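**Q** sharing a sequence plus its predicted fold:
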Amino acid sequence: MKNKIKKPLIVLMSCFAAILIVTALFFLYIFESGNGTQLCQDMCQNGWEHYITYPMLSAELKDIVSEEEFSDSSSDGRLKMYRKLENLVLDERPANSFSGSTRWWKTPCMDIVEADGSRFYVEFGIDVTYAFGVMRVHNFACYIHEEKT
């Protein structure tokens, strides 16, 4: 008689535990997805260099830009990397399907680079996903405008 009572109770408790775990993971995912949006807002205010590291880039971006190019902070090195990423859209999903995107902000992310005797204004379109503590950069498009003198 005890086995007949224990079996439904174990099944009921297992289902309840599974529902709790799935609910907790769902709320964790929702909570952390706001981190992607906050991260992109911070990048627009303080520059992407403080927030994005080379391991965060998607495999496609790593095929285009080497770690040395990504880490080069000289004006010429930055401009060279920006030229490689110019008008690049690797992931065709619309920006609003990502957890965060710099494309959403009215004041775009920009960098000013003085190289080759000219001044360049570089606007970024960076799309990130942020889930369970892991951020991935899927798109890192640059739009370069040379200052006319």
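**A** Looks like it arrived, so ask away. Residues are numbered from 1 along each chain as shown.
**Q** next up, phi/psi of E86, please.
**A** Main-chain dihedrals, E86, degrees, to the nearest 10: phi -60, psi 130.
**Q** and the nearest residue to it once chain neighbours are set aside, how many neighbours does it have?
**A** Nearest residue to E86 in three dimensions, chain neighbours excluded: C142, at 5.1 Å (CB to CB, 6 or more residues apart in numbering). In short, each C-beta sits where N, CA and C put it, glycine included. Residues lying near C142 (other CB atoms under 10 Å) number 22.
**Q** what lies in contact with whichever strand or helix holds C142?
**A** The secondary structure element spanning C142 is strand 134-146 (assigned by DSSP states H and E). Strand 134-146 is contacted from outside by 35-36, 39, 52, 56-58, 61, 79, 82-83, 85-91, 98, 118-130, using CB atoms under 8 Å, 6 or more residues apart in numbering.
**Q** change it to 6 Å
**A** 52, 56-58, 61, 82, 85-86, 88-91, 118, 120-123, 125-129 (CB atoms under 6 Å, 6 or more residues apart in numbering).
**Q** pull out the buried members of the residues you listed.
**A** Neighbour-count burial (16 or more other CB atoms under 10 Å) applied to the contacts of strand 134-146 gives 52, 57-58, 61, 82, 85, 88, 90, 120, 122-123, 125-129.
**Q** quick check, pLDDT for the closest residue to R83 other than its chain neighbours.
**A** Once flanking residues are discounted, R83 sits nearest to I144: 7.0 Å by CB to CB, 6+ apart. Predicted confidence (pLDDT) at I144: the value is 89.
**Q** looking at the buried ones among the contacts of strand 134-146, which is nearest K148?
**A** When the buried ones among the contacts of strand 134-146 are ranked by distance to K148 (CB to CB), F120 comes first, at 11.4 Å.
**Q** so that closest one touches E114, yeah?
**A** No: here F120 does not reach E114: they are 7.5 Å apart, not a contact under CB atoms under 6 Å.
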